[in-house]
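Participant: no FASTA, just this:
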């Protein structure tokens, strides 16, 4: 009996000695850092590095420490689009407060009809996808007649809620641009954890400009869809997160910060 208790105690000790930021990534799994609710509440300090994200995926989106721009993660490279619109590839040591990543593997590849816009894509996929209750990674590569994106300025403490920050967002308009739209479609039940429905970011083919997608119209492009049934997340080990009020956000709050333009 004593030997069994000793073995159990040793097992618990080994668990406690594991690194606190364990992100287990594999194909078909969406790995998320923190929650949308925390971001809405102003929890902008990062606890996970880009290096750690790359262990969990090669595709995704998010933001950076202090809400310093939009993240576009494609082909294993992380790009940062700050409020001046000039995308850079930050150091792997850069911290992130929120991200969603996966190892992208296309289950379906489809041509996108010329002239299709964001709303048209939503309608098409609503009839095409097998269920609203699982996750999908989506990637559109090609030429776009127009793309409208946004980014926000780096924030400083005391942090303001995201709905206040996006009132000062910078809008970027691209015309006849080649590039990649990358992101996720999440189920309705994810409200408060992530963005229900579509959440897309854009990076141009030169990888020097992009942002959070507000609108687009396709000229000639290909859509890839990765069906995801597995979901895991890492919650911040951070006093601001511990004490933040993270009640489920109402749909209007999500729409204001994710889909609306503020002028």
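Facilitator: Cool, the structure landed. The model shown is predicted, which means the values in this text are computed figures rather than measured ones.
Participant: close enough to count as contact, residue 105 and residue 57?
Facilitator: No - between residue 105 and residue 57 there is no contact under Cβ atoms under 8 Å: 10.9 Å. For the C-beta atoms, the positions are set from N, CA and C on the backbone; glycine is no exception.
Participant: looking at those two, which one has more neighbours?
Facilitator: Between residue 105 and residue 57, counted using other Cβ atoms under 10 Å, the more crowded position is residue 57 (23 against 14).
Participant: what's the distance between the nearest residue to that one once chain neighbours are set aside and residue 29?
Facilitator: In space, and not counting its chain neighbours, residue 57 is closest to residue 101: 3.2 Å by Cβ to Cβ, 6 or more residues apart in numbering. Taking Cβ to Cβ, to the nearest Å as the criterion, residue 101 is separated from residue 29 by 9 Å.
Participant: more neighbours: the two, which one.
Facilitator: More neighbours surround residue 101 than the other of residue 101 and residue 29, with 29 against 18 (other Cβ under 10 Å).
Participant: center of this structure - which residue?
Facilitator: residue 61 (3.1 Å; Cα atoms, centre = their mean).
Participant: how about the contacts made by it?
Facilitator: Listed by Cβ atoms under 8 Å, 6 or more residues apart in numbering, the contact set of residue 61 reads 70, 71, 72, 73, 99, 100, 182, 183, 184, 199, 200, 201.
Participant: mind putting those into JSON lines with distance to residue 43?
Facilitator: Formatted as JSON lines, the entries for the contacts of residue 61 read as follows, by distance: Cβ to Cβ, whole Å:
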{"residue": "70", "distance to residue 43": "17"}
{"residue": "71", "distance to residue 43": "16"}
{"residue": "72", "distance to residue 43": "22"}
{"residue": "73", "distance to residue 43": "20"}
{"residue": "99", "distance to residue 43": "13"}
{"residue": "100", "distance to residue 43": "16"}
{"residue": "182", "distance to residue 43": "24"}
{"residue": "183", "distance to residue 43": "21"}
{"residue": "184", "distance to residue 43": "20"}
{"residue": "199", "distance to residue 43": "18"}
{"residue": "200", "distance to residue 43": "23"}
{"residue": "201", "distance to residue 43": "20"}
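Participant: for residue 234, state which of these is nearest.
Facilitator: For the contacts of residue 61, the residue nearest residue 234 by Cβ to Cβ is residue 99; the value is 9.6 Å.
Participant: now do the contacts for the residue nearest to the closest one when sequence neighbours are not counted.
Facilitator: The shortest distance from residue 99 to any residue that is not its chain neighbour, by Cβ to Cβ, 6+ apart, is 2.9 Å, and that residue is residue 62. Applying Cβ under 8 Å, 6+ apart to residue 62 gives the contacts 33, 53, 71, 73, 96, 98, 99, 100, 101.
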